[in-house]
Every structure is written in structure tokens, then in C-alpha cells.
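S.K.: sequence? don't have it. structure:
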């Protein structure tokens, strides 16, 4: 084809293929790198220039090419593990995981932190205290600024299955100062609960419900005032923490074997918990990052231009190295860049030591 001719103009496209060599320099097979929107092959030269000094105008006396470097800037769209390994001096492999039910994996739990299990793609998670926590009943505490001078004491063994707070309110004052006679109260479970019928206070502790007891006592000169309220917090026996409250799960986190311990969890900060879960069987591709000293092999460009002449390129021996970041979060489809350096392969190709272009159409 002669020039000038419009058919010589090029709107390029094509496929980039790579045969990564093993550690002994043996072929592992030619692989398609997928969609490659950028493949810019370039030759860079370093020159030595000598200026003549015999005349006033210092013209160029001699120019010698000192060094020739052939390279390519390549953008890769497809996040295949072999591509990622190639681009980040790594080696692709596989993590094999058997299906199993885990019942007693221990971890240290911290509030507002995350626990990583030993498996991927987990489900049916349970979290338990290392030792079951017994039920407890907290002390009776005045609510607000009451004026009663008597003593209110809580006691008993809580048998409820959920944590609860009981509110006890003086409904009728004692008739004689220093004596509990005539004093009555009501109680309810939770601030929005329904108040009980009036209960006459006695000299012994009376049970509200589920083992929670209360005792009103007066000494000389003391009285209870109508409307004064006291709260009693009861904690249920804890053998297993509650999903969604004490720990949280979410699809992408479970896929990675992770659960979150919120700051509001009942789990004691820094305590040991016993975790259970089911893990799915799977073979998960993995990439070790920067585990290899170099990535070398044969690179082929198979041209398929939109318009213009079709050139193929064969580069006998190249090295591939990272050139930029791996964009794992973004607002557009991600890609990553690598630099290809063409090595001299004069031993095997003495007439074309770097490679060649072949015009096929």
C-alpha cells in the first residue's frame, strides 16, 4: 500500500493475550486478558549528542542512540484473579473451604468493633457468653425528686426470660409516721405498662411477678409520700446474646465471615464470647499481593481495527509491573493500569530481538 491513502488511517481495536511463564520460564498457556481499552506501545530512546565547538553556531556534530526501551501502557478492565495477580506481582490460587457447622469458636469481643470468624460465607450465627450469666435484680432506685424518707428494698430471684424494669409508685401514704400501716402502692412493668391494683405494704417483702420482690420500711419520723416512684431493673439469665441487638449481621459482612458488636450491646467490652455458625463449602480464588519478584512471559496483540490496516504484535519476552492503584470503590466502572517492558530476546530471536509487527489485513 502506498501513501497518501485514506485506508492507511487507523481506528484501532484488538485483543491482548499473555502467556505467563512459571518460575522456570516455562509456558503456562496463552490467556486472553479480557477487555483492554488502552494498549499504547512506545519506543523511547536515550541519545548522546555532541555539539561542535569549532564555529560560533554550536551545531550538532554527532548524535548517537545510547539506549532503546520498548514498553507499553495498558489499561485492564476485567478483575479476573489471574489479571489482578499479574498486575500486582502476585500469584493466583484457591482457598478451599468445606461445609461445616461450627459450635464453639471463641473470640474476644470489643464494643463498637468487629469479629472475624475463621470461615467465609457464613450463616446461622450465634453468639454466647463463655459462661452463662445468672439472672439479677437491681437495687430499687428513686425516680425523679421524691420526698419520701422511707427505705425501699428489692430482692428475689428473677425468672423472666427478657430484661425488664418494674416501676413501683406510692398510691396511699402511711397513716402513722414511722409505721408502714395504711401505706399502699401500685406497680407496672415498663413505664408504659398498666398499673396493678393497689397493694397494701407489709413488714415482709412482697412479690410483684417473676420473682421480683419489694419491701417498704419506715423508721421513726419517716413517711412515704403519694406519687413517689421507684424503679427496679431485672436482668434475665443470659445464655445467648440476641442477634440484631447484641451483635449485627449483614449480607456482605457474613460473606466475609464478619459480625459487628455495637456499642449498645450487652456483651461486656473485652470479654470472651463463644460463636457458632454454618459455613458453606466453596473454592474461593485468591491473589497473594507482591509475592513474586517479577511477572514475565510472551505477549501477543491480535488486531481487529474498526478502520484501517490490521497489525498484530508479538513481543517475545515482557515483564509486567503495576502502574497505579487498584480502584475498589468508585463512581464508575473500575479498571487498573500496568506497564509492560519489552526485554531483549536476542538469544532466541537474533534478527528481531524485541518482537515484531505483522500486517495481516
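M.R.: Looks like it arrived, so ask away. Values in this document were obtained by computation on a predicted structure and should not be read as measured data.
S.K.: quick one: the helices in the stretch 101-250 of the chain?
M.R.: Counting by DSSP state H, counting those that start in this stretch, the stretch 101-250 of the chain has no helices to list.
S.K.: need the residue closest to the centroid of this protein.
M.R.: residue 253 (6.3 Å; Cα atoms, centre = their mean).
S.K.: that one and residue 261 touch, don't they?
M.R.: No - the criterion here is Cβ atoms under 8 Å, and residue 253 misses it with residue 261 at 11.8 Å. In this view, the C-beta of every residue, glycine as well, is placed from N, C-alpha and C.
S.K.: tell me the secondary structure for the residue nearest to the centre of the chain?
M.R.: helix (DSSP: H, G, I helix; E, B strand; the rest coil).
S.K.: for it, give me its contacts.
M.R.: Listed by Cβ atoms under 8 Å, 6 or more residues apart in numbering, the contact set of residue 253 reads 114, 259-260.
S.K.: quick one: residue 344 and residue 352, what's the gap?
M.R.: 11 Å (Cβ to Cβ, to the nearest Å).
S.K.: can you check residue 260 too?
M.R.: For residue 260, the distance to residue 352 equals 59 Å [Cβ to Cβ].
S.K.: do residue 292 as well
M.R.: Distance of residue 292 to residue 352, computed by Cβ to Cβ: 28 Å.
S.K.: same deal with residue 165?
M.R.: From residue 165 across to residue 352, the span is 85 Å (Cβ to Cβ).
S.K.: follow-up on the earlier one: and for residue 253 and residue 261, which residues touch both?
M.R.: residue 114.
S.K.: kindly state the beta-bridge partners for the closest residue to residue 208 other than its chain neighbours.
M.R.: Distance criterion Cβ to Cβ, 6 or more residues apart in numbering; nearest residue to residue 208, sequence neighbours excluded, is residue 187 at 5.0 Å. Residue 187 has the following beta-bridge partners by DSSP bridges: residue 168.
S.K.: residue 187: what's it in contact with?
M.R.: Taking Cβ under 8 Å, 6+ apart, we find residue 187 in contact with 166-169, 195-196, 199, 208, 214.
S.K.: filter those residues to the buried ones?
M.R.: Taking 16 or more other Cβ atoms under 10 Å as the criterion, what is buried in the contacts of residue 187 is 166-169, 196, 199, 208, 214.
S.K.: of all those residues, which two lie farthest apart?
M.R.: Using Cβ to Cβ, the buried ones among the contacts of residue 187 span at most 13.4 Å, a distance reached by 167 and 199.
S.K.: doesn't residue 83 lie inside a helix?
M.R.: Yes - using three-state DSSP, the assignment for residue 83 is a helix.
S.K.: quick check: residue 224 vs residue 237, distance?
M.R.: 32 Å.
S.K.: so if I had to pick from these two, which one is more boxed in?
M.R.: Comparing residue 224 with residue 237 by neighbour count (other Cβ atoms under 10 Å), the higher total belongs to residue 224, at 27 against 14.
S.K.: for the more buried one, give me the pLDDT.
M.R.: Predicted confidence (pLDDT) for residue 224: 98.
S.K.: and it, how far is that from residue 170?
M.R.: 5 Å.
S.K.: identify the contacts common to those two.
M.R.: Shared contacts of residue 224 and residue 170, defined by Cβ under 8 Å, 6+ apart, are found at 148, 183.
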